[in-house]
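Chemist: how does the following fold in three dimensions:
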Amino acid sequence: MRYKILMCCFLASFGTFAQIATDSTAEKMLLYQRSYGGWPQYHGDATNYDLAIDDARKKMLLADKNQGDATIDDKSTTLEIEYLINSFSKTQNKTYLNAACKGIDYLLKAQNKAGGWPQWYPDTKGYHTHITYNDQAMIDVMNIMKMAAYKIGAFASLPEQYAPKAKAAMENGIKCLLNTQYKQNGKLTAWCAQHDAQTLEPAKARMFELPSLSGNESVGIVRFLMQIEHPSEEIKTAIEAAVSWLDQVKIPDADVKFVDDPNGSKRKDRVLISAPGHTLWARFYDLETNRPIFVGRDSQVKYAIAEIEFERRSGYAYYGTWPYNLINKEYPAWVAKWGK
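Modeler: Presented below is the predicted three-dimensional model:
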């Protein structure tokens, strides 16, 4: 009889254990997560979680757990946090929630005194320490903080202590956005892709990313600010100034055409063409003249995309339509809601 009771208890316990659901992608994310909470990129590319992890890669990931190479570049760390929290909601596997919490702890620790986030942390070499708006990196973090602060969707599963911490981090991040908005002769304009963490001035990153005003990253910042309920006058002023600047620097009647490389490579060249009725923006604008600039790996400023090397023309988005919907649709709706 006693044996039967013990067996029943064992089987019940085993059954409970066996019912813990898993998610194959989440399991891969656990392997990639660094011991201090963030996620890395290997070879400068976002992690492809569709790929299988063989024994050799698993061994490498376990050996690399303490590497100081975690980043917010290309949605690294922010993507994993959001995925893991959503996966917890579906599976109730607390391992995923704990990993997401550890990721948020990492982001909270990585925020600097100015309220901004560096592209890499704890690695502080070179431009890795700059406040990074490039490719919307800091805005991705701000969105995580917003969801955690207001318990949006699956983020309601977070332990109670995260909401006030995330709200404080988000408010400090907003102050950073306002404090880094660039002024030309005392007039607010937009933002650079990177800002110095100490001086808050526009800063250089890679050789072809010089201090300049961004026709791309500024859009993500404005969109985040426009989501704020009951915006202060300071926030309203920042939005209005940035949208005005983006409208001022548009390039009318132009488009980019992709053409075959005359040297026979598989990459497409980018050529600026006349296109009546079509509007473009440059990725980089001169800090004082607002003139579009183009920079190759020699860090020399050019004023035409044709003047930089083919490798950069074909490998980097120097032109785009990033602000179009913001100016023509989203901003008018925001004005109608909150007024100027």
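Chemist: please enumerate the strands of the stretch 151-300 of the chain.
Modeler: For the stretch 151-300 of the chain, applying DSSP state E, counting those that start in this stretch gives strands covering 183-184, 187-188, 194-195, 213-214, 251-260, 268-282, 284-285, 294-295.
Chemist: check which helices and strands the second one sits against.
Modeler: In this structure, strand 187-188 makes packing contacts with helix 233-248, judged by 3 or more CB pairs under 8 Å, 6 or more residues apart in numbering; DSSP states H and E. Quick note: C-beta positions are derived from backbone N, CA and C, even for glycine.
Chemist: which outside residues touch the helix it packs on?
Modeler: Helix 233-248 is contacted from outside by 174, 177-178, 181, 187-191, 213, 215, 218-219, 221-222, 225-226, 228, 231, 281, 290, 323, 326-327, 331, 334, 338, 340, using CB atoms under 8 Å, 6 or more residues apart in numbering.
Chemist: let's test this: mean pLDDT of that helix, rounded?
Modeler: Helix 233-248 shows a mean pLDDT of 98.
Chemist: now it, how far from the centre of its chain.
Modeler: 21 Å (CA atoms, centre = their mean, to the nearest Å).
Chemist: list the buried ones in it?
Modeler: I235, K236, A238, I239, E240, A241, A242, V243, S244, W245, L246 (16 or more other CB atoms under 10 Å).
Chemist: with adjacent residues omitted, what lies nearest to K65?
Modeler: Closest residue in space to K65, ignoring its immediate chain neighbours: S35 at 4.6 Å, by CB to CB, 6 or more residues apart in numbering.
Chemist: kindly apply the preceding question to A254 instead.
Modeler: Per CB to CB, 6+ apart, closest to A254 is L280, 4.8 Å.
Chemist: and K250, by the same measure?
Modeler: Distance criterion CB to CB, 6+ apart; nearest residue to K250, sequence neighbours excluded, is T279 at 5.2 Å.
Chemist: surely that neighbour and V249 touch.
Modeler: No: using CB atoms under 8 Å as the test, T279 is too far from V249 to be in contact (10.8 Å).
Chemist: how about the strands of the stretch 151-300 of the chain, which one is nearest A156?
Modeler: Proximity to A156 (CB to CB) singles out strand 194-195 among these, at 33.1 Å.
Chemist: quick one: mean pLDDT over that closest one.
Modeler: Taken as a whole, strand 194-195 carries a mean pLDDT of 98.
Chemist: show me what that strand is packed against.
Modeler: strand 131-132.
Chemist: show residues contacting the strand it packs on.
Modeler: If you take CB under 8 Å, 6+ apart as the criterion, strand 131-132 is touched by 72-73, 112, 114, 116-119, 138, 176, 180, 193-197, 200, 205.
Chemist: ok, and what's touching whichever helix or strand comes after that strand?
Modeler: Next along the chain after strand 131-132, taking DSSP states H and E as the criterion, comes helix 137-149. Residues outside helix 137-149 that contact it (CB under 8 Å, 6+ apart): 72-75, 77-79, 81-82, 104, 107, 116-117, 119, 131-133, 152-153, 155, 158, 162-167, 169-170, 173-174, 220-221, 223-224, 227.
Chemist: stretch 31-43 too?
Modeler: Residues from elsewhere that reach stretch 31-43 (CB under 8 Å, 6+ apart): 29, 47, 53, 58, 61-62, 64-74, 76-77, 80, 99, 102-107, 109-110, 121-122.
Chemist: next one: stretch 45-55
Modeler: For stretch 45-55, contacts defined as CB under 8 Å, 6+ apart pick out 25, 28-29, 31-32, 39-41, 61, 74-76, 79.
Chemist: take those and keep only those in strands.
Modeler: Using DSSP state E, no member of those falls in strands.
Chemist: pLDDT score for H43?
Modeler: At H43, the model reports a pLDDT of 89.
Chemist: now swap in M1 and tell me
Modeler: M1 carries a pLDDT value of 49.
Chemist: now R283
Modeler: Per-residue confidence (pLDDT) for R283: 97.
Chemist: isn't it right up against P323?
Modeler: No: contact criterion CB under 8 Å: R283 and P323 do not qualify, at 11.5 Å.
Chemist: between these two, who's got more neighbours?
Modeler: Comparing R283 with P323 by other CB atoms under 10 Å, the one with more neighbours is P323, at 25 against 22.
Chemist: between R283 and P323, which contacts overlap?
Modeler: G215.
Chemist: show me where pLDDT drops low in the stretch 1-150 of the chain?
Modeler: Low-confidence regions of the stretch 1-150 of the chain, defined by pLDDT under 70, span residues 1-18.
Chemist: could you pull out the helices in it for me?
Modeler: 2-18, 24-32, 55-63, 78-91, 94-110, 137-149 (DSSP state H, counting those that start in this stretch).
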